[in-house]
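> Compute the structure for the input listed below.
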Amino acid sequence: MKRCVPFIVALAGLTAFAQDATLEYRVKAAYLFHFTKFVEWPAAALPENEALTLCVAAPNPFDGTLADIIEGERVAGRSLAARTVGDVSGCHVLFVPEGVAAEPLLRGARTRPVLTVGESPDFLRQGGIINFVLEDGKVRFEINQDAATQADLRISSRLLRLARPERSTK
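Okay, here's the model as predicted:
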């Protein structure tokens, strides 16, 4: 885990300009992979020998980048899998792209230990756990710790410290 912190710090400094969607989604895909190293799921959510599944709600903006990044990687001794989905079934991480109706997906995830990640201004207010924001042309993220607790997920204090403070939702 100590080896991951410098990488996440380096990611936080990457510039991902909104005009370069390819670079932006490569950075977001790398973040998604590294988030898995800083989150603990309850034992019942990860049966032995089951892959940790990173899901992307359709339409998938990563264009294969996420699958390429996680190929051959392991987290806590588990293999990783990526797939595009229409619901949260079988997902450990769910990325909801901007423009996709997040509320129905988040409603389905509320009773499950699913790390929900989005990129919409109201994602955290709707109950999402991590939200990407572009700030000064850089990809940053904010965390809704209450939503993580409700999902029975423990987020490392190291990741919490790297998060940008939540914007007011009032």
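> Of all the residues in the longest strand along the chain, which ones are buried?
Across the chain, the longest stretch assigned as strand under DSSP state E is strand 78-85. By 16 or more other C-beta atoms under 10 Å, the buried positions in strand 78-85 come out as 78, 80-82, 85. No exception for glycine: its C-beta is placed from N, CA and C like everyone else's.
> got the CA positions of it in CSV?
C-alpha atoms of strand 78-85 as CSV (Å, rounded to 0.1, in the frame of the first residue of the first chain):
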residue,chain,number,x,y,z
ARG,A,78,-7.5,-10.8,-6.3
SER,A,79,-7.6,-10.5,-10.0
LEU,A,80,-9.5,-7.6,-11.5
ALA,A,81,-12.2,-7.6,-14.2
ALA,A,82,-13.9,-4.7,-16.1
ARG,A,83,-17.2,-4.7,-17.7
THR,A,84,-19.9,-2.4,-19.0
VAL,A,85,-23.3,-2.7,-17.3
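> Show me the contact partners of that strand.
Strand 78-85 is contacted from outside by 33, 36, 46, 50-60, 66-67, 70, 73-74, 91, 94, using C-beta atoms under 8 Å, 6 or more residues apart in numbering.
> Which residues belonging to whatever helix or strand Arg158 lives in are considered buried?
Using DSSP states H and E, Arg158 sits in helix 157-162. Neighbour counts over helix 157-162 (16+ other C-beta under 10 Å) mark 159, 162 as buried.
> re earlier: tell me the strands beside the longest strand of the chain, with direction?
Its sheet considered, strand 78-85 pairs with strand 52-57 (parallel), strand 74-75 (antiparallel) by DSSP bridges.
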